[in-house]
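Engineer: have a look; sequence and predicted model below, questions after that.
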Amino acid sequence: MSKDGIDIIVVGSGPGGSTAAFYGQRLGLSTVVFGDTPGGNLYMIRSLNNFPGYSAGIGGTEFGINLFQQAQNEGAQFTMTRLTSLNRLDECFQATDSNEMVYTAQAAVIASGRTPKPLPDQDNQLNGIGFCSVCDGPLFRNQHAILAVVGSDNAAAQHALTLSDIAKKVYLIHRSPKGKMDAAHLAKIAEGKNIEILSKTEVIRCVGDEFVRAVDVRSPDRGNRKLPVNGVFLAIGWKPNTDMIDFPVETTSEGYIKTDFRLMSSIPGLFAAGDVRDTDLPQVLTACADGARAAKHAAEYIRKIRRCGCFVEKCGRWIG
């Protein structure tokens, strides 16, 4: 089945995608959003404390649902399916979702975010390795568990703080001499009585039988040793979610989409917003700002095409 007559395809239902949909609709453009989770990965954030207007913080899930509902109220269509393929057809974009429904539009905004990276030699059959402390942390409640968080940024700090309310002890392990998290997160971690930071320490592997029993670590001062733990949460890096794009687009060496000042990629009509693009500040706030700007410039791009007065058959409409 196919659906035409859409102005903007938005890939991703997180802060960037939801804001792009909200602004697209307010600019009078029909917008369809792909993504099966309202708010995207916001559910992984226990408390969002660095977004203006929320001095006491707000839960990531609550914030994500608010964005989702706001875009819906403006008329944005959320398919609640994942996008499996995005193709370029003449002057249009053709999107196919997991239900094999095909949508065609004149512009597209990629706001699909990024996915946490696993350990290089991670045993995928080993239980007890997670990426979301909000989701999987409660499994360790009332077990006097010892848990490890691997990473040095704000995401790792969030994991450690969430797990400190659940576990008997939390190790925050990273290779750098000091963490890359901001001062506010560092201060909260310092207040945690059961969080121990192991800096200049590398996690070599997780070991166990069916479940994680320990991590092998290495540090310059203590050498190699085995650290007994009941679970491990990873925040060691990210991979941009761009696998659904079925045509060449310019990216960084790490795969992040390069954009110009309009947030347009190397492909005319293809915009990027949030963590999936080459940004120097991957934050919820900047993802929302990107989404708004991407929708604005997508609208300008569409208006420019319509002024040409040509007919694009694949888009199923006159543009002029």
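Structural biologist: Received the coordinates, thanks.

Engineer: going forward, measure contacts between C-alpha atoms and count neighbours the same way
Structural biologist: Will do.

Engineer: for residue 202, which residues are in contact?
Structural biologist: By CA atoms under 8 Å, 6 or more residues apart in numbering, the contact set of residue 202 is 173, 174, 175, 217, 218, 219.

Engineer: residues in a beta bridge with it, which ones?
Structural biologist: residue 218 (DSSP bridges).

Engineer: quick check: it vs residue 54, distance?
Structural biologist: For residue 202, the distance to residue 54 (CA to CA, to the nearest Å) stands at 36 Å.

Engineer: one step back: can I get the contacts of residue 202 in TSV including distance to residue 262, neighbour count and pLDDT?
Structural biologist: Formatted as TSV, the contacts of residue 202 follow (distance: CA to CA, whole Å; neighbours: other CA atoms under 10 Å; pLDDT from 0 to 100):
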residue	distance to residue 262	neighbour count	pLDDT
173	39	24	96
174	36	24	95
175	37	18	92
217	45	19	95
218	45	17	95
219	45	15	94
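
Engineer: low-confidence stretches in this structure?
Structural biologist: The model of the chain has pLDDT under 70 over residues 1-4, 309-320.

Engineer: helix, strand or coil for the closest residue to residue 37 other than its chain neighbours?
Structural biologist: Distances taken as CA to CA, 6 or more residues apart in numbering place residue 13 nearest to residue 37, at 6.5 Å, with adjacent residues excluded. Recorded secondary structure, residue 13: coil (DSSP: H, G, I helix; E, B strand; the rest coil).

Engineer: contacting residues for residue 13?
Structural biologist: By CA under 8 Å, 6+ apart, the residues touching residue 13 are 33, 34, 35, 36, 37, 38, 39, 40, 68, 111, 112.

Engineer: what's the distance between it and residue 63?
Structural biologist: From residue 13 to residue 63 the distance is 12 Å (CA to CA).

Engineer: any common contacting residues for the two?
Structural biologist: Common contact partners of residue 13 and residue 63 (CA under 8 Å, 6+ apart): residue 39.

Engineer: torsion angles phi and psi at the residue nearest the centre of the chain?
Structural biologist: In the chain, the centroid-proximal residue (CA atoms, centre = their mean) is residue 113; its distance is 3.5 Å. With angles defined as degrees, to the nearest 10, residue 113 sits at phi 70, psi -150.

Engineer: same question for the one 5 residues further on.
Structural biologist: Dihedral angles phi and psi of residue 118 (degrees, to the nearest 10) take the values phi -80, psi 170.

Engineer: try residue 160
Structural biologist: According to degrees, to the nearest 10, residue 160 has phi -60, psi -40.

Engineer: show me the helices in the stretch 1-150 of the chain, by range?
Structural biologist: All helices of the stretch 1-150 of the chain, identified by DSSP state H, counting those that start in this stretch, fall at 15-26, 60-73, 133-136.

Engineer: just the buried positions in the last one, please.
Structural biologist: The reference is to helix 133-136. Going by neighbour count (16 or more other CA atoms under 10 Å), the buried part of helix 133-136 is 133, 134, 136.

Engineer: tell me which other helices or strands that helix touches.
Structural biologist: On a contact count with 3 or more CA pairs under 8 Å, 6 or more residues apart in numbering; DSSP states H and E, helix 133-136 meets helix 154-164.

Engineer: starting from whichever helix or strand comes after the helix it packs on, tell me which strands it pairs with and how they run.
Structural biologist: Using DSSP states H and E, the helix or strand that follows helix 154-164 in sequence is strand 169-173. Using DSSP bridges, the strands paired with strand 169-173 are strand 146-150 (parallel), strand 195-198 (parallel).
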